[in-house]
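Colleague: Mind looking at a prediction? Sequence and model below.
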Amino acid sequence: MYYIGEKIKKLRRKNDLTQEKLADQLGVSYQTVSKWETGVTSPDLSLIVPLARLFKVTTDELFGFDEDADMLRKKELDSEYWETWKSGDLHKRFEVSKQAVKEFPDDMEWHERLAWTQAMNSFEYKDDTQYVQEQEEAIRRFALVIENASDERIKASAIFGIVQYLGFRGRRDEAERYAELYPENLPYRKEYVLLQCLEGDKKAVHHQKMLENAMFDLINLIGEGSDTACDAQEQILKTMMPDGNYLYCHCILGQIYRRRADFRMKEGDCDKAAEMIKQAFYHATEYDRSMKGNTSPKSEPFFDKLQWNVDEICKTGTRTDIEEMLEFLKKPLYDKLRERDDIKALTENYARQ
């Protein structure tokens, strides 16, 4: 309402009209025109076309719709959004996505981005009620995208998201029904087809990317609920990266040792838990070190055609892995362990860095 009032005021002055003259031509009072221009009221729909004709503009221009300006604004928001994947600022990503949906409510890609951001943001809440509410809101938004998106890629991403978070909420039957909607040709079938038509280094790089993705998929599928799962995940990484050039996978190994520490603490074995914590700190240190680099070859022999590029890593938080470790040890489960001299010295040393 305020925008159209500003536009009327601008066009009136451009056409050298007073409020009284404009009012006379439209058959309204000058007080009505004044209310339009100050945003108190807006013109009746029956006056929109006459206003546009009088000012010799389109109704789109009168309402402020400018396709070129919209495109530039979308690019600006898009740039802000992707910058947060480099910075790890999840809060800003959430705010940018909400603003984009507010400005472009018919853009299903922005709804899909907001759904994912809201879903990831749910883990920031300590309160279970807020945690659940955020995930439920993300689920509703994923459903909106699935119903309205015409782009198969966007719809597929929303299906993947709703299946994952319905699973988190224990709504397995709903998750399975949505899973049935996932397009047959996305994402991996296309990758296998592409593999058949490439050759030389291009084929080798593509194959190694597929192999790396398959390795991560397998690690995720194994889960994290037991020592056996941890052992299998670690063995996969050591088998696929026999040269020990783990880079990003130091982060995964650190998580494995954290889970093992949890298991040992629950069993009451503080000595074993302390060993696991020390290993987790080692991998956190190595991961943080790798994040300070730039580019370098990945592990031989399975991934040596691929390059480790820090700028391509999508961060979901702003803390370093060492900071995450220090936060991890604040859990009540580790109250007893934190009193040990070796662990106390270790944490104090890292806290000073």
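Modeller: On my side now, so go ahead.
Colleague: can you list the weak-confidence ranges in the stretch 251-353 of the chain?
Modeller: Across the stretch 251-353 of the chain, nothing is flagged by pLDDT under 70.
Colleague: which intervals of this protein have sub-threshold pLDDT?
Modeller: 1-3, 64-69, 187-189.
Colleague: Contacts for the lengthiest helix in it next, please.
Modeller: Looking across the chain with DSSP state H, the single longest helix is helix 200-222. Here helix 200-222 makes contact (Cβ atoms under 8 Å, 6 or more residues apart in numbering) with 188, 191-192, 194-195, 198, 229, 232-233, 236-237, 240, 252, 298, 302-306. Every residue, glycine included, has its C-beta placed from N, CA and C.
Colleague: how much space between the spatially most central residue of the chain and M291?
Modeller: The residue lying closest to the centre of the chain (Cα atoms, centre = their mean) is T117, at 4.4 Å. Look at T117 and M291: by Cβ to Cβ, to the nearest Å, they are 22 Å apart.
Colleague: Might one say that T318 is in contact with D89?
Modeller: Yes. Judged on Cβ atoms under 8 Å, T318 makes contact with D89 at a distance of 6.1 Å.
Colleague: neighbour count winner among these two?
Modeller: Taking other Cβ atoms under 10 Å, T318 and D89 do not tie; D89 has more neighbours (17 against 12).
Colleague: got the phi/psi numbers for the more buried one?
Modeller: phi -80, psi 90 (degrees, to the nearest 10).
Colleague: Same question for N309.
Modeller: Dihedral angles (degrees, to the nearest 10) for N309: phi -130, psi 110.
Colleague: same check, this time on the one 5 residues further on
Modeller: Dihedral pair for C314: phi -90, psi 110, per degrees, to the nearest 10.
Colleague: Now do the same contact list for it.
Modeller: W85.
Colleague: sorry, back to before: the residue nearest to the centre of the chain touches K92, doesn't it?
Modeller: No. Distance between T117 and K92: 9.8 Å, which falls outside the contact criterion (Cβ under 8 Å).
Colleague: can you count the residues close to the closest residue to E6 other than its chain neighbours?
Modeller: If the residues on either side of it in the chain are set aside, E6 comes closest to E37, at 7.3 Å by Cβ to Cβ, 6 or more residues apart in numbering. Counted with other Cβ under 10 Å, residues neighbouring E37 total 19.
Colleague: again, but for I313
Modeller: 15.
Colleague: element containing V57?
Modeller: Assigned by DSSP states H and E, V57 falls within no helix or strand.
Colleague: From T38, how far out is it?
Modeller: 21 Å.
Colleague: In this structure, what residue spans correspond to strands?
Modeller: 295-297, 307-309 (DSSP state E).
Colleague: Buried deepest among the ones you listed, which one?
Modeller: strand 307-309 (a mean of 15; mean count of other Cβ atoms under 10 Å).
Colleague: packing partners for that strand?
Modeller: Applying 3 or more Cβ pairs under 8 Å, 6 or more residues apart in numbering; DSSP states H and E, we find strand 307-309 packed against strand 295-297.
Colleague: Run through who's touching the strand it packs on.
Modeller: Under Cβ under 8 Å, 6+ apart, the answer for strand 295-297 is N245, L247, D304, L306, Q307, W308, N309, V310.
Colleague: ok, so of those residues, who is nearest M325?
Modeller: L247 (18.0 Å; Cβ to Cβ).
Colleague: quick one, what contacts that closest one?
Modeller: S290, S296, K298, S299, W308.
Colleague: try 10 Å
Modeller: Contact analysis of L247 by Cβ atoms under 10 Å, 6 or more residues apart in numbering lists 241, 286-287, 289-291, 293, 296-299, 303, 308, 310, 313.
Colleague: From the residues you listed, list the buried ones, please.
Modeller: Neighbour counting with 16 or more other Cβ atoms under 10 Å marks M241, E286, Y287, S290, M291, K298, S299, F303, W308 as buried within these.
Colleague: Setting aside sequence neighbours, what's the nearest residue to the first one?
Modeller: Take M241 and drop its neighbours on the chain: the residue closest to it by Cβ to Cβ, 6+ apart is S299, 3.9 Å away.
Colleague: same deal with the fourth one?
Modeller: Among residues not flanking S290 along the chain, L247 sits closest, at 4.9 Å (Cβ to Cβ, 6+ apart).
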